Structures are given as structure tokens and as C-alpha cells.
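Colleague: what follows is a predicted protein model with its sequence.
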Amino acid sequence: MKGPEFVTLWRDHRVTPCDAASYELRHPAVGPVTVTQQTLSIARVPDQVLIVCTTPAGSPGEQGLALLQHASGLHMPTRALSALA
């Protein structure tokens, strides 16, 4: 984050503040999964957003996502999957 490219992009401020919300998903196989969703809007491209959903480390939600990962055959670390959920 100290590289010149990051500094330039940071000064440009193309990203607006993000909205955050927590909610519960009910999956038929793993039950309830509580996630936090962060939605990042891009100021210069208003019709484009980045949505990231996470679960706390060690939570039942993370365990549920790990079970879904196993069932789906995805081969990525559980923490990476939690960050993608």
C-alpha cells in the first residue's frame, strides 16, 4: 500500500464510502448463515458496484460455507471462501 501506484489511485478517490449491512441467509443444506455485506460504489461508474460478503472466523456461518465448499468441489482455502460468500 506504500507503492506509487496505490498513492496515485488513493488520491484520485474513485471509490465512494461503502454501505454495510448484516443479514441472515437460510440455506437448505447448512441452515442459517449470518453474513456482513459491504457494497462499494465506484464514483465514475455509477452502474457498477463491488459487493463483498464475509462471515466471522470460527463462526457457524464460516463452518456452513466450508461445508458448502466441500460439497461443491471447490478447492480454495476456507478463509478465501468466507471472504467471497
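Modeller: Right, received. Where do you want to start? All figures in this text were calculated on a predicted structure; none of them were measured in a lab.
Colleague: find the helix or strand that the closest residue to Gln37 other than its chain neighbours is a member of.
Modeller: Distances taken as CB to CB, 6 or more residues apart in numbering put Cys53 closest to Gln37, at 4.8 Å, once the chain neighbours are dropped. Using the backbone N, CA and C atoms, a C-beta is placed for each residue, glycine as well. Here Cys53, judged by DSSP states H and E, is contained in strand 49-54.
Colleague: for that strand, the distance to its chain's centre please.
Modeller: 4 Å (CA atoms, centre = their mean, to the nearest Å).
Colleague: what packs against it?
Modeller: strand 31-41, helix 78-84 (3 or more CB pairs under 8 Å, 6 or more residues apart in numbering; DSSP states H and E).
Colleague: I'd like to check the angle between it and strand 31-41, please.
Modeller: Put simply, strand 49-54 runs at 150 degrees to strand 31-41, going by axes from the mean of the first three to the mean of the last three CA atoms, to 10 degrees.
Colleague: strand 49-54 pairs with which strands, parallel or anti?
Modeller: strand 31-41 (antiparallel) (DSSP bridges).
Colleague: buried residues, the partner strand. List them.
Modeller: By neighbour count, and taking 16 or more other CB atoms under 10 Å as the criterion, the buried residues in strand 31-41 are 33, 35, 41.
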